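Engineer: Need a 3D model of the sequence below.
(one chain, ligands or ions: 2)
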Amino acid sequence: MKAVHFGAGNIGRGFIGSLLYQSGYETCFVDVNSELVDLLNEKRQYTVQLANAEHEQTLVENVHAINSSKDPSLVEEVIASADLVTAAVGPNVLPLIAGLIANGLRKRITQSDKELTIIACENMINGSTLLKEKVYELLNEGEKIRFDKQFSFPNAAVDRIVPNQTNEDKLMVTVEPFYEWIVDESGIKGEKPPINGITYVPDLQPYIERKLFTVNTGHAVVAYFGYLAGIRSMAQALENKEIKEVIENVLQETSRYLTSKYGFDVQAHSEYVQKIINRFANPFISDDTTRVGRSPIRKLKNNDRLVRPATQYVEMFGEVPVNLAKGIAAALSYNYVEDPDAKEIQEVIQQKGIEHAIELYTGLQAGTDLFEEVNRQYKQMAKK
Ligand SMILES: NC(=O)c1ccc[n+]([C@@H]2O[C@H](COP(=O)([O-])OP(=O)(O)OC[C@H]3O[C@@H](n4cnc5c(N)ncnc54)[C@H](O)[C@@H]3O)[C@@H](O)[C@H]2O)c1
Ligand SMILES: O=P(O)(O)OC[C@@H](O)[C@@H](O)[C@H](O)[C@H](O)CO
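Structural biologist: Ligands and ions are numbered 1, 2, ... in the order given. I've put the predicted structure just below:
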């Protein structure tokens, strides 16, 4: 079986590539990083190391790579004959790979009527749907009808902490032992991709919200408060009593929303939350607050990990989640100059004021209780 995976980065090699290999796939990575592509083609294998006391290592074999900036037509060819296409490039990059996927699928329909599943493995709600929309924007009406018959873009939730890598071996990836890959099975055309480790569910919404509004909400809050406290290590940030308290309070709010909305068992959910906080503190993993806090404009969007659970909470309980509001204020305060999003937010705040920035980045309306709470918390933080 042949898989094409866009993005040979942390999660691409450390999680998706590894599971694909264990499931019998030969994987072609597609990336724009020449160094990575060349190394993958030279070695044809890489090591995944677990961040635990044993530092267990496994070899991932049967891999090669294509540089899509140099050889786009090769990418289209491999898509035409693939058994699976996956991507983990970041939500903002999905539109940039849509053209290659559209052309690869166009080529495929001239060669066979075999179905194909395309899965975006990004930290966002409806990632594959976004990718599909971007692909379909490039099609004519006839192609859309044909694509609908043959291709599916099921949404997914992926969970495994893979920090930025500092290993001497540039292909080796250190990953946490835990992983979860949940895929929406409704609408898959043909056979569900046989991947050991995927859990197929009939409705992804509870799972993606549970993951994004627990793992990623909690992670982002620790990252922003950690950075603001001058701490660069995620594990160290969690040793700070105030930050630990903030994350616990924030996750109590998201837990109240998630258990009420989806009926998750309260005790089981509380264990899930505790397990996640322990994962963040894994002493064998070295993760940076600036990786976890990266791209705050994306993270502040109204359907992402901070604002979405907050607005849902207001809608469901008629109360303002003050801790989530504090997390949003911390994201707006994040002033790491090497992050282009953080830099832009700080410039907008300086030039146009915090009220303008809250409206612009979160979509919250001035005058609403949530907006005013974020504004109040931001100003309180700025005084410190
Ligand atoms: N690292 C994690 O812990 C983790 C866990 C779950 C989900 N994710 C999600 O996976 C996605 C990737 O995250 P990551 O941490 O692996 O990032 P990363 O930066 O390590 O990897 C992204 C890769 O995509 C490549 N890329 C960029 N533009 C491209 C293009 N046009 N075509 C092909 N490749 C391109 C980059 O060169 C890089 O190798 C993000 O959406 C992230 O939220 C990450
Ligand atoms: O990848 P991002 O920027 O959306 O979020 C940063 C981290 O929270 C994220 O990469 C986690 O490590 C991952 O989602 C764990 O499953």
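
Engineer: Tell me which residues of the helix or strand where residue 181 lies come out buried.
Structural biologist: Using DSSP states H and E, residue 181 sits in strand 180-184. For strand 180-184, a neighbour-count test (16 or more other Cβ atoms under 10 Å) marks 181-184 as buried. C-beta: built from backbone N, CA, C; applies to glycine.

Engineer: what's the domain layout of this structure?
Structural biologist: Using automatic domain parsing, the domain parsing of the chain gives 2-203, 206-383.

Engineer: Within range of ligand 2, give me the residues from this structure.
Structural biologist: Residues of the chain lying close to ligand 2 (Cβ under 6 Å from any ligand atom) are 123, 159-161, 215-216, 219, 292, 294-295.

Engineer: Check whether residue 3 sits in a helix, strand or coil.
Structural biologist: Under DSSP: H, G, I helix; E, B strand; the rest coil, residue 3 falls in the strand class.

Engineer: what sits opposite it in the beta ladder?
Structural biologist: Beta-bridge partners recorded for residue 3 (DSSP bridges): residue 27, residue 84.

Engineer: Just the local confidence number for it, please.
Structural biologist: pLDDT, residue 3: 98.

Engineer: same thing with residue 383?
Structural biologist: At residue 383, the predicted lDDT confidence score is 89.

Engineer: Next, count neighbours for it.
Structural biologist: 5 (other Cβ atoms under 10 Å).

Engineer: excluding its backbone neighbours, what's nearest the residue positioned nearest the centre of the chain?
Structural biologist: Taking Cα atoms, centre = their mean, the centroid of the chain lies closest to residue 123, which sits 2.1 Å from it. Closest residue in space to residue 123, ignoring its immediate chain neighbours: residue 216 at 5.5 Å, by Cβ to Cβ, 6 or more residues apart in numbering.

Engineer: Residue 270 too?
Structural biologist: Leaving aside its sequence neighbours, residue 270 sits nearest to residue 255 (Cβ to Cβ, 6+ apart; 6.9 Å).

Engineer: Just give me the longest helix of this structure.
Structural biologist: Identified as the longest helix of the chain according to DSSP state H is helix 241-262.

Engineer: burial of the closest residue to ligand 1 within the chain, as a residue count?
Structural biologist: Relative to ligand 1, the nearest point of the chain is residue 9 (1.9 Å; Cβ to the nearest ligand atom). Around residue 9 there are 19 other residues, counting by other Cβ under 10 Å.

Engineer: show me the contacts for it.
Structural biologist: Residue 9 sits next to 31, 33, 36, 88-89 when contact means Cβ atoms under 8 Å, 6 or more residues apart in numbering.

Engineer: With pLDDT and distance to ligand 1 added, can I get the residues you listed in JSON lines?
Structural biologist: Compiled in JSON lines, the contacts of residue 9 are given as follows (pLDDT from 0 to 100; distance: Cβ to the nearest ligand atom, whole Å):
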{"residue": "31", "pLDDT": "98", "distance to ligand 1": "4"}
{"residue": "33", "pLDDT": "98", "distance to ligand 1": "4"}
{"residue": "36", "pLDDT": "98", "distance to ligand 1": "6"}
{"residue": "88", "pLDDT": "98", "distance to ligand 1": "4"}
{"residue": "89", "pLDDT": "98", "distance to ligand 1": "4"}
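
Engineer: What are the buried residues along stretch 254-264?
Structural biologist: The neighbour-count check on stretch 254-264 (16+ other Cβ under 10 Å) flags 254-259, 261, 264 as buried.

Engineer: And for it, what's in contact with it?
Structural biologist: Contacts of stretch 254-264 (Cβ under 8 Å, 6+ apart): 206, 209-210, 213-214, 217-218, 265-266, 269-270, 272-273, 309, 312-313, 316-317, 321, 324.

Engineer: Please indicate which of the residues you listed are buried?
Structural biologist: 206, 209-210, 213-214, 217-218, 269, 272-273, 309, 312-313, 321, 324.

Engineer: rewinding a little: quick check: next helix or strand after the longest helix of the chain?
Structural biologist: Per DSSP H and E, the first helix or strand lying C-terminal to helix 241-262 is helix 266-280.

Engineer: could you check the angle helix 241-262 makes with that following helix?
Structural biologist: 140 degrees (axes from the mean of the first three to the mean of the last three Cα atoms, to 10 degrees).

Engineer: Residues in contact with helix 266-280: which ones?
Structural biologist: Residues from elsewhere that reach helix 266-280, judged by Cβ under 8 Å, 6+ apart: 161, 176, 178, 210, 214-215, 218-219, 222, 234-235, 238, 244, 247-248, 251, 255, 258-259, 264.
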